[in-house]
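In: mind looking at a prediction? Sequence and model below.
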Amino acid sequence: MSTFVYMTRCDGCGHCVDICPSDIMHIDENIRRAKNIEPNFCWECYSCVKACPNHAIDVRGYADFAPMGHSVRVRREEEKGTISWKIKFRNGTTKDFVSPITTKPWGKKIKMIIETPLNK
Amino acid sequence: MLETNPFSLLSEVVPTVVMQVFIIAMVLLIAFGTIIQMIHHKNLTYFFNNAKKAKLQATREVGAAEKAKIIAKTTVYDIGTTSELGFGKRRLAHVLGMYGTIIFWIASAMLVFCYTGADKTSSTLWSMLWHVGAILTCVGGFWFWFFLRVDVSAEAHPWYRIIKADLFVLALLACSTFGLAWSYTQFNGHVGLSFLFFALFVVSNLVLFGGVYWSKFAHMFYKPGAAIQKNLAEADGSRDNLPPPADAPEQFGLGIKREEPKHY
């Protein structure tokens, strides 16, 4: 399942570009909004989906098991420390989940790329 | 300089009616470019389909009064202060540029249609607003262009890399900058330079308004529509399939604060 961006919601803040471990989220050169430049290489890590402050990124399911009208949507609320999920199945059933945000701040556990020595 | 109507001095060379026709032509170019873009990109179709989908998934009926209240609130807060950009430099730069441009355009029309010509009086207020609008546009626009562009700040592209998305902002900045330069040189009697900057001012206006189809110009119509649709979807419970706001269990504690996307 790969991610895609709702252009009407995206404001081009760059958070998904910053966080994508596959480096496939980039800024579109025509409208300066985010886009997934290589859906086949998406790891389905949901980092960008969770990082987006405008809920502009969604996940497109494979047609063999998630055809017609399913959705996986995320609402991240930093001020509450929560991340909520809503799974909508193809038959219309929905399931809601709420979890704590467990993301670690940059710099403590995760080194910036620029600080990582090359060839090691 | 700030209190002088630059179009008044220009009317000694260019007839007022030519300036008025030019402004009307620019408005028509905006309408033409936006309509062609809507037909080609199917933006309006997307909005209508989205509204139909939201109506089917709505869990409650939103009355006309509530709808009007949501639209008014969205217009004043979300659109008027570009709240989607959060609380930071991007929002401030956008607000400066947005209001600067609106003031600049309205003042241009007012000066040309009401205060330029042989039998017309001058207006210090509108002349001041024209210059202030141009200055605000330059401050917000150059701040964005040099320091805040996301492809530069988050993707580490060099600042001088120009892409198609820059057509709108660069044309807008060229208009305001050349307009100010033209007003300054004209006021100080530099005839040659003032004609040069005036010619550049006209060309940048043609690029800005003639390039609506190719540029991001029409985002100023689509973004308000998207903000209203988003808030109406929250109110009627459809929420674009998003989960409802969490009831924040206390044991979760506070999440980490979002950082600037500059970790390349």
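Out: Arrived safely, thanks for sending. All figures in this text were calculated on a predicted structure; none of them were measured in a lab.

In: residues in contact with the residue in chain B that chain A sits nearest to?
Out: Nearest to chain A in chain B, going by CB to the nearest CB, is B:Ala154, at a distance of 2.9 Å. Just so you know, the C-beta spots here come from the backbone N, C-alpha and C atoms, and that holds for glycine as well. Residues near B:Ala154 by CB atoms under 8 Å, 6 or more residues apart in numbering or on different chains: A:13-15, A:17-18, A:27, B:261-262, B:264.

In: again with A:Pro39
Out: Counting by CB under 8 Å, 6+ apart, A:Pro39 makes contact with A:2-4, A:24, A:60.

In: again, but for B:Ile79
Out: For B:Ile79, the contact set (CB under 8 Å, 6+ apart) comprises B:223-224, B:227.

In: next: B:Asp78.
Out: Going by CB under 8 Å, 6+ apart, the list of residues near B:Asp78 reads B:84, B:227, B:231.

In: from the residues you listed, which ones fall inside helices?
Out: Using DSSP state H, B:227, B:231 are the members of the contacts of B:Asp78 that sit in helices.

In: okay if I get the contacts of B:Asp78 as CSV plus distance to chain A, neighbour count and pLDDT?
Out: CSV is the format used below for the contacts of B:Asp78 (distance: CB to the nearest CB, whole Å; neighbours: other CB atoms under 10 Å in any protein chain shown; pLDDT from 0 to 100):
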residue, distance to chain A, neighbour count, pLDDT
B:Glu84, 5, 21, 84
B:Ala227, 9, 21, 91
B:Asn231, 12, 17, 91
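
In: now the helix or strand of chain B with the lowest mean pLDDT, how far from the centre of its chain.
Out: Between all helices and strands in chain B, the lowest mean by mean pLDDT, DSSP states H and E belongs to helix B:150-153, at a mean of 83. Centroid displacement of helix B:150-153 relative to its chain, using CA atoms, centre = their mean, to the nearest Å, is 20 Å.

In: how about the CA coordinates for it, as PDB?
Out: Taking Å, rounded to 0.1, in the frame of the first residue of the first chain, the C-alpha atoms of helix B:150-153 are listed here in PDB:
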ATOM      1  CA  VAL B 150       9.900  24.400   1.300                       C
ATOM      2  CA  ASP B 151      11.900  22.900  -1.600                       C
ATOM      3  CA  VAL B 152      14.800  24.900  -0.300                       C
ATOM      4  CA  SER B 153      14.300  24.600   3.500                       C
END
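
In: in the following helix or strand past that helix, what's buried?
Out: Per DSSP states H and E, the first helix or strand lying C-terminal to helix B:150-153 is helix B:166-187. For helix B:166-187, a neighbour-count test (16 or more other CB atoms under 10 Å in any protein chain shown) marks B:166-186 as buried.

In: do the same with stretch A:3-22
Out: In stretch A:3-22, residues buried by neighbour count (16+ other CB under 10 Å) are A:3, A:5-20.

In: so what's the residue count around B:Trp145?
Out: For B:Trp145, the number of neighbouring residues by other CB atoms under 10 Å in any protein chain shown comes to 19.

In: what does B:Ala65 give?
Out: If you count neighbours by other CB under 10 Å, B:Ala65 ends up with 8.

In: what's the burial count for the closest residue to B:Lys262 other than its chain neighbours?
Out: Among residues not flanking B:Lys262 along the chain, B:Ser153 sits closest, at 6.0 Å (CB to CB, 6 or more residues apart in numbering or on different chains). Neighbours of B:Ser153 under the rule other CB under 10 Å: 21.
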